[in-house]
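okay, here's the prediction I keep looking at, along with the sequence it came from:
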Amino acid sequence: LALLQAPPWRGAAAEDPGGGRYLWVRLPAGVSSEALLRASLRHGTAFLPGTLCCAGEPDDADAYIRLSLAAQDDARLREGVARLTAALAEFTARSAE
């Protein structure tokens, strides 16, 4: 959770639903989970976009991502979040142009 406080995450909110298996993260305004996934894959990491986690089509599903914590050690989680943070920073920089 502390890693999700980096500047690119400004405006995001993380929620731990309990159980230690995953985190829900509401992305900063204007960031699409599906577009961010494409950027994160170029950085060698992935997550589940909110649009794939909902049975219906909630209006804001694309504003969420699900990060899996299961079967990952701390070092691997830190590396994954660092790569995702780099992808988010790159994505938001391109969006600002």
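Thanks, I have the structure now. Residues are numbered from 1 along each chain as shown.

distance of the residue nearest in space to the middle of the chain from Trp9?
Against the mean C-alpha coordinate of the chain, by Cα atoms, centre = their mean, the closest residue is Ile65 at 4.8 Å. Distance of Ile65 to Trp9, given as Cβ to Cβ, to the nearest Å: 11 Å. Yep, even glycine has a C-beta here, placed from its N, CA and C like the rest.

ok, now Arg21?
With Cβ to Cβ as the criterion, Arg21 and Trp9 are 21 Å apart.

residue boundaries of the strands in the chain?
Using DSSP state E, the strands found in the chain span residues 13-15, 22-26, 48-49, 64-68.

so in the protein, which helix runs the longest?
In the chain, assigned by DSSP state H, the helix with the most residues is helix 74-96.

hmm, who's touching the worst-scoring helix or strand of the chain on mean pLDDT?
Lowest on mean pLDDT, DSSP states H and E among the helices and strands of the chain sits helix 74-96, with a mean of 85. Here helix 74-96 makes contact (Cβ atoms under 8 Å, 6 or more residues apart in numbering) with 3-4, 6-9, 28, 30-31, 35-36, 39-40, 42-45, 47, 67, 69, 72.

mind redoing it with 6 Å?
Here helix 74-96 makes contact (Cβ atoms under 6 Å, 6 or more residues apart in numbering) with 3, 6, 8, 36, 39-40, 43-45.

buried residues in it?
For helix 74-96, the neighbour count (16 or more other Cβ atoms under 10 Å) marks 80-81, 83-88, 90-92 as buried.
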